[in-house]
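Chemist: Turn this into a model:
(one chain, ligands or ions: 1)
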Amino acid sequence: MISKTASPPKVGMISLGCAKNLVDAEIMLGSVMKSGMQITANADEADVLVVNTCAFIDSAKEESIDAILEAHQQRGLNKRPGQKLIVSGCMSQRFSRELREALPEVDAFIGLDQVGEMGAIVQRVLSVENDRGYSFVTDRPTYIPNYDTPRFRLTPAHSAYLKIAEGCNHPCSFCVIPQMRGRHRSRQPGSVLAEIRGLVAEGVKEINLISQDTTYYGMDLWAEKAGPRQPVDSARGPTLAALLREIQKIEGDFWVRLLYTHPAHWSDELIETIAGCDKVARYVDMPLQHIEEGMLGRMRRETSRAHIENLIGRLRRGIPGVAIRTTFIVGFPGESEEAFASLLQFIEATRFERLGVFKYSQEEGSRAAKMAEQIPNRIKSERYRRAMTVQQRIAREIAAKNIGNELRLLVDEPLIARTQADAPDVDARVILSEAAPVGEFIMRRITGSRGYDLTA
Ligand code: SF4
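Modeler: The predicted structure follows:
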């Protein structure tokens, strides 16, 4: 523990990547605070600076390296040679051995299983001289937080991410996340519910449920419950539908939003449950990645065109007014002009409320990286533009359809709010003509649209 006399060390955090990585950063800061240290938003005054990295695709890795080098440079420029630099997150988990050689300026590397021990790690790094590049990283992470895991939230007070599971069991051929984050492991429902009660009691109005595959929630626990040599579903354990029904019983006025669902694990029970639970936002985030059968097979998405089309029909019929967000990858190895054209037709016909497009990134260590028929960047960019052009037109038409409607909004800033169809950080906004109280729900009539955004 830090001595009472010296002022406690200050720890700064630069967190990159996805919401799951952000929750890890919040847990690291929670552990630091529990150890009696302080947190600072000003990197220049930090005794220890943590760069929480992402390694999902090449551009994310570059951004992470740049952030580490920038942090090192700054400590030189700011005459803070004593400032310690710790690297965490997916890139540290995956490449700590290589990074130790490539980045001798880093004082320590931690992995995904060490986020809850950050307080002790910082104390050790501060107390030991000339031990640069020490790695605390362990292979095959298994860590999962609990409801009482100390956490310093980095999101606005009224909105929170809640990790209900970690890791992934899917074999998607373009993805290296399972190699970094390990096998799927769900939190116990009681732990998730206790954390939600705590957040609601703190005044949180929006809880975004996240994991790598949110619809697989609980299924890994069935095997444990069934025991050896018993058919797994003989003792159906926790499910996302059951969890949502319990969340619905929690007192309070708040939204729960589902992020990162996988088409393979949706059920009619889940659709009916969402329809029957008014606390669950009419919003479904379901990355599809492609629609053409051959591409879905090469991507090893464990689903089919027929299943996806049938599912979207059931979602739209079962949850009136639902907004569907998805993402597609263009330029995957072997993607012919015909396969891409069928994806464009699908986007045109399905009219997703929210859609993102990624250019395929040849990820070292993924199956797809070794595939023949890699697509030139010029064609990837051209397909990216064509897909986004179609979606921009559709998004504008969908936005304009809201004009005149009275919608329930969550206020993020005095003149900025979001509808149920807008997840934080990735979707559209509502620009308010009159200021409203931040963190509150309001009802406003939509007066117009500006591109993806609405006005009220
Ligand atoms: S579902 Fe597929 S794309 Fe998503 S994290 Fe798992 S392996 Fe990666």
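Chemist: With adjacent residues omitted, what lies nearest to residue 445?
Modeler: In this structure, residue 445 finds its nearest non-sequential neighbour in residue 406, 5.1 Å apart by C-beta to C-beta, 6 or more residues apart in numbering. C-beta: built from backbone N, CA, C; applies to glycine.
Chemist: which sections of the stretch 351-456 of the chain are below the confidence cut-off?
Modeler: Within the stretch 351-456 of the chain, not a single segment meets pLDDT under 70.
Chemist: Most proximal residue of it with respect to the ligand?
Modeler: In the stretch 351-456 of the chain, no residue comes nearer to the ligand than residue 366, which is 9.3 Å away by C-beta to the nearest ligand atom.
Chemist: any idea what that residue is structurally, helix, strand or coil?
Modeler: When classified by DSSP: H, G, I helix; E, B strand; the rest coil, residue 366 comes out as coil.
Chemist: just residue 308 next, same as before
Modeler: Following three-state DSSP, the label given to residue 308 is helix.
Chemist: Pick out the residue in the stretch 1-150 of the chain sitting closest to the ligand.
Modeler: Proximity to the ligand, evaluated over the stretch 1-150 of the chain using C-beta to the nearest ligand atom, is greatest for residue 56 at 8.7 Å.
Chemist: What values do phi and psi take at residue 163?
Modeler: With angles defined as degrees, to the nearest 10, residue 163 sits at phi -80, psi 120.
Chemist: Please disregard the earlier target; I meant residue 111.
Modeler: According to degrees, to the nearest 10, the main-chain angles of residue 111 amount to phi -110, psi -170.
Chemist: number of nearby residues for it?
Modeler: Residue 111 has 22 neighbouring residues, counting by other C-beta atoms under 10 Å.
Chemist: What are the boundaries of the strands in the stretch 251-400 of the chain?
Modeler: 255-258, 280-285, 323-330, 354-359 (DSSP state E, counting those that start in this stretch).
Chemist: rewinding a little: and the residue nearest to residue 445, what is it in contact with?
Modeler: Applying C-beta atoms under 8 Å, 6 or more residues apart in numbering to residue 406 gives the contacts 443, 444, 445, 446.
Chemist: hmm, back to that, burial count for the residue of the stretch 351-456 of the chain closest to the ligand?
Modeler: The burial metric for residue 366, expressed as a neighbour count using other C-beta under 10 Å, is 17.
Chemist: show me what contacts it?
Modeler: By C-beta under 8 Å, 6+ apart, the neighbours of residue 366 are 173, 174, 175, 176.
Chemist: and the second one, helix, strand or coil?
Modeler: Under three-state DSSP, residue 174 falls in the coil class.
Chemist: I'd say it and residue 329 touch.
Modeler: Yes: Residue 174 is in contact with residue 329 according to C-beta atoms under 8 Å; the separation is 6.6 Å.
Chemist: any residues in contact with both of these two?
Modeler: Listed as contacting both residue 174 and residue 329 by C-beta under 8 Å, 6+ apart are 289, 299, 360.
Chemist: Test for you: state the pLDDT assigned to the residue lying closest to residue 353 once chain neighbours are set aside.
Modeler: Nearest-residue entry for residue 353: residue 323, 3.9 Å, with adjacent residues in sequence omitted and distances by C-beta to C-beta, 6+ apart. You'll see residue 323 listed with a pLDDT of 98.
Chemist: measure residue 323 to residue 84 for me?
Modeler: Using C-beta to C-beta, to the nearest Å, one obtains 44 Å as the distance from residue 323 to residue 84.
Chemist: Surely residue 441 touches residue 205?
Modeler: Yes: using C-beta under 8 Å, residue 441 makes contact with residue 205 at a distance of 6.5 Å.
Chemist: Please enumerate the shared neighbours of those two.
Modeler: By the contact definition C-beta under 8 Å, 6+ apart, residue 441 and residue 205 are jointly contacted by 253, 410.
Chemist: thinking again about what came up before, indicate which one of the strands of the stretch 251-400 of the chain is closest to the ligand.
Modeler: The minimum distance between the ligand and these falls on strand 323-330, with 9.4 Å, by C-beta to the nearest ligand atom.
Chemist: That closest one: which residues count as buried?
Modeler: Neighbour-count burial for strand 323-330, with 16 or more other C-beta atoms under 10 Å as criterion, is recorded at 323, 324, 325, 326, 327, 328, 329, 330.
Chemist: same question, stretch 243-260
Modeler: Within stretch 243-260, the residues scored as buried using 16+ other C-beta under 10 Å are 243, 244, 247, 250, 254, 255, 256, 257, 258, 259, 260.
Chemist: Assumed the first one was part of a helix.
Modeler: To tie it back to what came earlier, the one meant is residue 243. Yes: when classified by three-state DSSP, residue 243 is found to be part of a helix.
Chemist: I'd like the numbering to begin with 44 instead of 1 from here.
Modeler: Got it, the first residue is 44 from now on, which makes the last one we talked about residue 286.
Chemist: mind listing what it touches?
Modeler: Contact criterion C-beta under 8 Å, 6+ apart gives 207, 232, 235, 236, 260, 261 as the residues in contact with residue 286.
Chemist: Report the spatially closest residue to the fifth one, excluding sequence-adjacent ones.
Modeler: With C-beta to C-beta, 6+ apart as the measure, residue 283 is the residue that lies nearest to residue 260, at 4.3 Å, once sequence neighbours are left out.
Chemist: next one: the fourth one
Modeler: Spatial nearest neighbour of residue 236, excluding adjacent residues (C-beta to C-beta, 6+ apart): residue 289 at 5.6 Å.
Chemist: pretty sure the one you found is touching residue 234, no?
Modeler: No: taking contacts as C-beta under 8 Å, residue 289 lies outside contact range of residue 234: 12.0 Å.
Chemist: Show me which residues of the protein sit near the ligand.
Modeler: For the chain, the residues in contact with the ligand under the definition C-beta under 6 Å from any ligand atom are 211, 213, 215, 218, 220, 221, 255, 256, 305.
Chemist: For the stretch 294-443 of the chain, which segments are assigned as helices?
Modeler: Using DSSP state H, counting those that start in this stretch, the helices of the stretch 294-443 of the chain run over 311-319, 336-341, 348-361, 380-393, 420-443.
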